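# Okay, here's the prediction I keep looking at, along with the sequence it came from:
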Amino acid sequence: MIKVKRLKKNFGKLVVLDGIDFYVTKGDVLCIIGPSGSGKSTLLRCLNLLEEKLEGTILINDVDVDGKNVNINKLREKIGMVFQSFNLFPHLNVLQNVMLAPVQLKKMGKEEAKNTALGLLKKVGLSEKAYEYPEKLSGGQQQRVAIARAMAMNPEIMLFDEPTSALDPEMVGEVLQVIKDLAKDGMTMVIVTHEMGFAKEVSDRVIFMSDGKIVEQDKPENLFSNPQCARTKEFLNKLL
Amino acid sequence: MDTLILFKESLPSLMKGLSMTIQITVIGLIAATIIGLVVGFINVGKNKTLKVVAMIYIDVMRGTPLIVQAFFIYFGLPSALNFKIDAFTAGTLAISLNAGAYMAEIFRGGILAVDKGQMEAARSLGLPYGKAMMKVILPQAVRKMVPAIINQFIISLKDTSILSVIGIRELTQSGEIIIASNYRALEIWAMVGLVYFVPIMILSTVSRRIERYLTI
Amino acid sequence: MNKKNILQVAIVSILAVSLLSGCSGASKESTTTAKKYTISTDATYAPFEYEKDGKYVGIDIDILDAISKSEGFTYELKPMNFKGIIPALAANQIDAAIAGMTITDERKKVLDFSDGYYESGLSAVVSEKNTTIKTLDDLKGKIFAVKKGTSGATYAEANQAKYKGTIRYFDDTPAMFQEVINGNADVTFEDYPVVAYRISIDSKSGLRIAGEKINKDFYGFAVKKGSNKELITKFNAGLKKIKANGEYDKIIAKYIKK
């Protein structure tokens, strides 16, 4: 579904991504782990073109994002993104947050969008908060709304950029549960996370990044119990 | 009391002047808001050529006094380029261009004050730049800008007094004309000050109310 | 010894000369009164007062200068917008004014005037492109441009109902004329010599005098009513003198060529 070849990205003089090759196939759940500054978030943000790559190729459904007639907005409709800081729209209530994009992009009429939105909110367990404003919600609740909002566009793939890193520990569980449910439903996902237990449980493949490179990638049971590279071992040891 | 009689006699003329002042201010500010939006957007956008033009516009308008701008538009340009413009249009235009430059900076500041993540979230959903601005960024930015916008309204309202130099019979000029016939400068200027003060106080109070309402 | 004496004499002489020249400079100020008057004039009202090469010149300026010398008083000249002159006199910010100011009964209520020092009168002025306005009867329904506080403004106001005209007010003569030249106003009322002067020195003035002189009146030197009486006395005395000795005519001829 997504193919990345020799991806490079700099912030000024700082090399953030140093030649990344990886792929995601339909139904995959991929977790990206690694120390801060390794380029995990940048890689994710390159996938939906929030960050502009310096070099390399990104193919989404075999369409080169550099192509002449490529409509980036249309591409993004198929890719859902959930941010570390939720980024809910404060001037709209929860329901309006979820409904905004589908209605504005003429994906569905208002009634249909409302029903879809209510359905999604039920799925993430927040039906009763539909008419509240984001500021009245806890962090965990806001993130669940953010997930519902991204899902409203019926994406083919969901990207999660450290979805629980900004949450109080008590709320991490409820968000992770929602993500697990999505995985069970067969959603293709790439998740940048520090939650190792969660990564072990939910992913088909784990990618370990360090210093802008993919150091190692393997099935979770292999990578966590039997890391091949020294750098991976070093990182995992520090976590225990 | 003699002063009260003077007040009663002068009030109709001053009220006419106030009406002119308010007309120019309202029309001028509506135009200034439109100019400010366009220029403000140019400044947060990516087109470099347009940005340079916008910057020159803002610098010139903020770097020259309004009275000079009014003279330029009313007396300077028409005689040089051989066209006719009436005083009301010229005066309103001067106020619009002048306030527009300040409005542009208010809009730019307001838009930049909105968290970067908001635009990212909107774009990630597939919303194009324009829709993201209209539905997500601007509604948030406007709330932040309301006090500054009303402040500009008040400033422009007072600025209209300068337009008496191109012959517009706004409030200040109305005062001058009355004084030219009865020489009672102190009382008349006090009255003129009062007549300016009342609408401005109302605006200030409205501004504070709106601010309180928006800080939910 | 001789050299020392010469040196002493030299020093004393130098001191004496400098003292004396200093004295003669000071004596001008210390004759009859030590007071230096603040006298206002219009910022721009040729040929009566206007700025040329950084200095103020004109009929009013020269007359005031001649009289001050003849009567022995000093003054500081303060050019300002005409509309501000009478309020400034009333507020004691200036002592007197010579500004092409017409002596009117209205003004006499708040000012004391000297004897009239120049005969003037209003005229109607139109754009030279205007061929329709020939006499005062053609003023019906027209737009009048006037200068705040002047007799021209008073004339327009007094006749506004009669002519059913609209009045626009300006701060100075150039702006007022520009309004007529641009075509935003049809006619202005200005003192005859000022318009005549403008047309005479500027072939591209864009103005034309329509009809005959509207009225006849005089310019006066003004002070606040009841104040600076001695200044009025001096002005009148000086005026008589410079008229008698021909200086007055010289001044007029300098600016207004027949």
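Nice, thanks for sending it over.

# is it fair to say C:Ser123 lies in a helix?
No - counting by DSSP: H, G, I helix; E, B strand; the rest coil, one finds C:Ser123 to be strand, located in no helix.

# Can you read off the pLDDT for it?
On pLDDT, C:Ser123 comes in at 93.

# That one pairs with what?
C:Glu190 (DSSP bridges).

# Distance of it relative to C:Ala196?
Separation of C:Ser123 from C:Ala196 (CB to CB, to the nearest Å): 8 Å. Placement of C-beta: from N, CA and C, glycine included.

# just B:Ser174 next, same as before
For B:Ser174, the distance to C:Ala196 - CB to CB - is 33 Å.

# Name the residue in those two with the higher neighbour count.
Between B:Ser174 and C:Ala196, counted using other CB atoms under 10 Å in any protein chain shown, the more crowded position is B:Ser174 (26 against 17).

# A:Ala152 and A:Pro102 touch, don't they?
Yes - contact status for A:Ala152 versus A:Pro102: in contact at 5.3 Å, counting by CB atoms under 8 Å.

# Give the residues shared as contacts by these two.
By CB atoms under 8 Å, 6 or more residues apart in numbering or on different chains, A:Ala152 and A:Pro102 have these common neighbours: A:Ala113, A:Thr116, A:Ala117.

# what about A:Gln228, neighbour count?
A:Gln228, neighbours per other CB under 10 Å, totals 13.

# is it true that it touches A:Glu216?
Yes - assessed by CB under 8 Å, A:Gln228 is found in contact with A:Glu216 at 5.8 Å.

# which sections of chain B are below the confidence cut-off?
B:1, B:215-216 (pLDDT under 70).

# Excluding chain neighbours, give the residue nearest to residue 181 in space.
Since you didn't name a chain, this refers to chain A. A:Lys123 (7.4 Å; CB to CB, 6 or more residues apart in numbering or on different chains).

# Chain C was what I was after
Nearest to C:Ile181 is C:Gly206, by CB to CB, 6+ apart, at 4.0 Å.

# now swap in A:Glu162 and tell me
Nearest to A:Glu162 is A:Gln84, by CB to CB, 6+ apart, at 4.4 Å.

# looking at this, the one you found is in a strand?
No - secondary structure of A:Gln84 (three-state DSSP): coil, not part of a strand.

# And it, how far from B:Tyr129?
For A:Gln84, the distance to B:Tyr129 - CB to CB - is 23 Å.

# picking that back up, now the common contact residues for C:Ser123 and C:Ala196.
Common contacts of C:Ser123 and C:Ala196 (CB under 8 Å, 6+ apart): C:Ile209.

# Can you tell me which of the shared contacts of A:Ala152 and A:Pro102 end up in helices?
Counted as lying in helices by DSSP state H, out of the shared contacts of A:Ala152 and A:Pro102, are A:Ala113, A:Thr116, A:Ala117.

# List the contacts of the first one.
So that's A:Ala113. A:Met99, A:Pro102, A:Val103, A:Lys107, A:Ala152.

# Of these, which belong to helices?
A:Met99, A:Pro102, A:Val103.

# Look up the closest residue to the last one, ignoring the ones flanking it.
In this structure, A:Val103 finds its nearest non-sequential neighbour in A:Ala113, 4.9 Å apart by CB to CB, 6+ apart.

# Quick check: that neighbour vs C:Ile86, distance?
According to CB to CB, A:Ala113 and C:Ile86 sit 72 Å apart.

# now C:Ala66
Distance, C:Ala66 to C:Ile86, using CB to CB: 25 Å.

# Same question for A:Asn237.
94 Å.

# Pick out whichever of these two has more residues nearby.
The neighbour count for A:Asn237 versus C:Ile86, taken as other CB under 10 Å, is higher for C:Ile86 (24 against 9).

# you'd agree that one is up against C:Leu111?
Yes - with contact defined as CB under 8 Å, C:Ile86 counts as touching C:Leu111 (7.0 Å).

# quick check: domain ranges of chain C?
C:34-119+C:218-255, C:122-215 (automatic domain parsing).

# of all the ones you listed, which lies closest to A:Val145?
Nearest to A:Val145, of all the domains of chain C, is domain C:122-215, at 61.6 Å by CB to CB.

# What's the end-to-end length of that closest one?
End-to-end distance of domain C:122-215: 6 Å, with CA to CA, to the nearest Å as the criterion.

# So what's the gap between it and the chain middle?
Centroid separation for domain C:122-215 versus its chain: 20 Å, with CA atoms, centre = their mean, to the nearest Å.

# what's the answer for stretch C:6-15, then?
Worked out by CA atoms, centre = their mean, stretch C:6-15 lies 49 Å from the chain centre.

# likewise stretch C:101-121?
On CA atoms, centre = their mean, the centre of stretch C:101-121 falls 12 Å from the chain's centre.

# what about it, start to end distance?
First-to-last distance for stretch C:101-121 - CA to CA - comes to 11 Å.

# Show me which residues of that stretch are buried.
C:101-103, C:107, C:110-114, C:117-118, C:120-121 (16 or more other CB atoms under 10 Å in any protein chain shown).

# Check stretch A:32-48 too.
Buried residues in stretch A:32-48 (16+ other CB under 10 Å): A:32-34, A:38-48.
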